[in-house]
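Novice: 3D model of this:
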Amino acid sequence: MAKNMAKNLANRLANSLARDITKDLASRLDENCAAWKSQSKVAWLRSGALGDLVVGLASLAEMPRFFPRAKVTVIGPPLWTELLDPEAMPFIEQIIVVTRKSTRGRCYHAHGTGWIAAEGGEQDLVELMRGFDALVNTNTDSYRYGFVALRAGVKLRIGSAPCEMAWLYHYNAPYLGKDPLIHERDWPLVLLEYATPGWRRFMRSTASSRVVLAKLLDSSRLVREWRKQGLPNLRHYSEQRAKSLTGHGYDKYILVNPTSSRREKAWPADRVRELLLDLRAEVQSLGLVPLVIGALKETEWLREVAGAEFQIMQPENLRDLQEVVRGARVLLTNVSSMQFIAATTQTPTLTVVGRSKSEIWGPVGFKDRMVRAARTNSTEEGPLSIFEDEARMYQSITVEEVKQALLPMIRQPLNARD
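Specialist: Numbers count the residues shown, from 1 in each chain. All right, here's what the predicted structure looks like:
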């Protein structure tokens, strides 16, 4: 009986908190910009694989709005030194490279369009963060770096943690738990806009926050703005460079990226090849060339699709990849980092979606489209593993479905992009 009473009390409290948060959903964009504007040395932190980094770029681009006087330090994995161009984001002063699960980092300073390592090698991350005015921790599924900032004495800490850990941040955003139905681009934006100071930062539990998640997204000014833009431009591009890499000028080729981190997470290679052969005559009639693109380690997979009929592209670095993607009329890809790279170049993209939740990992460019499996894949034999389910989802997508979605994009000449 006592357990039931406690459970009922907890439910009433959660419902009460949800109502309170609903009343307090007004955007804090102006309030937070006013409160943080005097900070001069700010760290913005995001770790993860390539897709995690690229999709978080909208939040990084917002730093000058919230911290107009600050020079920003980006903290994260070595990939940041390849992705970011100091000339495109001049507010970034340095990058502190931290390898996975390490407690040490190394500083890199701007040098032309790239980054050069500072002398002295790696240092303790706590020591590197001493003297920072603020930390924005966009790793919303982990607050490990919040403790690093606490030990370093960072005066203004902004992030998202459960209500019992909200003391770790001076401004705590509504905590949504693992895999909420919010896009990975939008979550760090919501963090900036709704991070709340004072006692209210302790009142954002997972249950109550998720109750009002849809309303929170609808009311977000930052999310609305970035849904129109996609992701920020990362560098100045050169048509001459793209042509030297591909052999073709801007708007003279389409890109097909058939690969992913594993075979089960990709539309089958034989379907991609069948699609290319089916479209070959029309693509040629439009004066376009199909290019099959992937990483250096994916040669065998790419050859399965390209055969002897189609050219293979394997850019040697991220800069060259961005240059090639920038010049394409359209990109066809699976759910992968490639769709987000394309969003930074404003290249129209068709994403083939299997098991992934498009609400979390779907395409973000305003010209982007997607084709996804329309059915579930339960079987009479019993439940499928995640990988089996993913493979069956991709196998359920037909060549005709993708063809009909891709054709209008191929036929539309690429308009001038800013």
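Novice: which elements pack onto the strand or helix carrying residue 409?
Specialist: With secondary structure defined by DSSP states H and E, residue 409 is part of helix 399-411. If you count contacts as 3 or more Cβ pairs under 8 Å, 6 or more residues apart in numbering; DSSP states H and E, helix 399-411 packs onto helix 269-285, strand 349-353, strand 369-372. Bear in mind the C-beta positions are built from the backbone N, C-alpha and C, glycine included.
Novice: mean confidence for it?
Specialist: For helix 399-411, mean pLDDT rounds to 96.
Novice: how about it as PDB, C-alpha atoms only?
Specialist: Taking C-alpha atoms only, helix 399-411 is exported to PDB below (Å, rounded to 0.1, in the frame of the first residue of the first chain):
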ATOM      1  CA  VAL A 399      14.000   0.900 -57.200                       C
ATOM      2  CA  GLU A 400      10.900   2.500 -58.600                       C
ATOM      3  CA  GLU A 401      10.200   4.400 -55.300                       C
ATOM      4  CA  VAL A 402      13.600   5.900 -55.200                       C
ATOM      5  CA  LYS A 403      13.600   6.600 -59.000                       C
ATOM      6  CA  GLN A 404      10.300   8.500 -58.800                       C
ATOM      7  CA  ALA A 405      11.600  10.600 -55.900                       C
ATOM      8  CA  LEU A 406      15.000  11.300 -57.500                       C
ATOM      9  CA  LEU A 407      13.900  12.100 -61.000                       C
ATOM     10  CA  PRO A 408      12.300  15.600 -60.300                       C
ATOM     11  CA  MET A 409      15.500  16.500 -58.400                       C
ATOM     12  CA  ILE A 410      17.700  15.500 -61.300                       C
ATOM     13  CA  ARG A 411      15.600  17.400 -63.800                       C
END
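Novice: from residue 250, how far out is the residue sitting nearest the centre point of the chain?
Specialist: Centroid check for the chain by Cα atoms, centre = their mean gives residue 55 as the closest residue, at 1.5 Å. Distance from residue 55 to residue 250, counting by Cβ to Cβ, to the nearest Å: 25 Å.
Novice: try residue 321
Specialist: From residue 321 over to residue 250 the distance is 16 Å, taken as Cβ to Cβ.
Novice: for the stretch 301-418 of the chain, give me the ranges with low pLDDT.
Specialist: Filtered on pLDDT under 70, the stretch 301-418 of the chain yields the residue ranges 375-384, 415-418.
Novice: what ranges does it have for its strands?
Specialist: Applying DSSP state E, counting those that start in this stretch to the stretch 301-418 of the chain gives strands spanning 311-313, 331-334, 349-353, 369-372.
Novice: go through those and name the closest to residue 104.
Specialist: The closest of the strands of the stretch 301-418 of the chain to residue 104 is strand 331-334. By Cβ to Cβ, the value is 35.2 Å.
Novice: highest average neighbour count across the helices and strands packed on helix 399-411?
Specialist: Of the helices and strands packed on helix 399-411, the one with the most neighbours on average (mean count of other Cβ atoms under 10 Å) is strand 349-353, at a mean of 25.
Novice: for the residue nearest to residue 197 when sequence neighbours are not counted, name its beta-bridge partners.
Specialist: Take residue 197 and drop its neighbours on the chain: the residue closest to it by Cβ to Cβ, 6 or more residues apart in numbering is residue 171, 5.3 Å away. Each beta-bridge partner of residue 171 is listed here, defined by DSSP bridges: residue 158.
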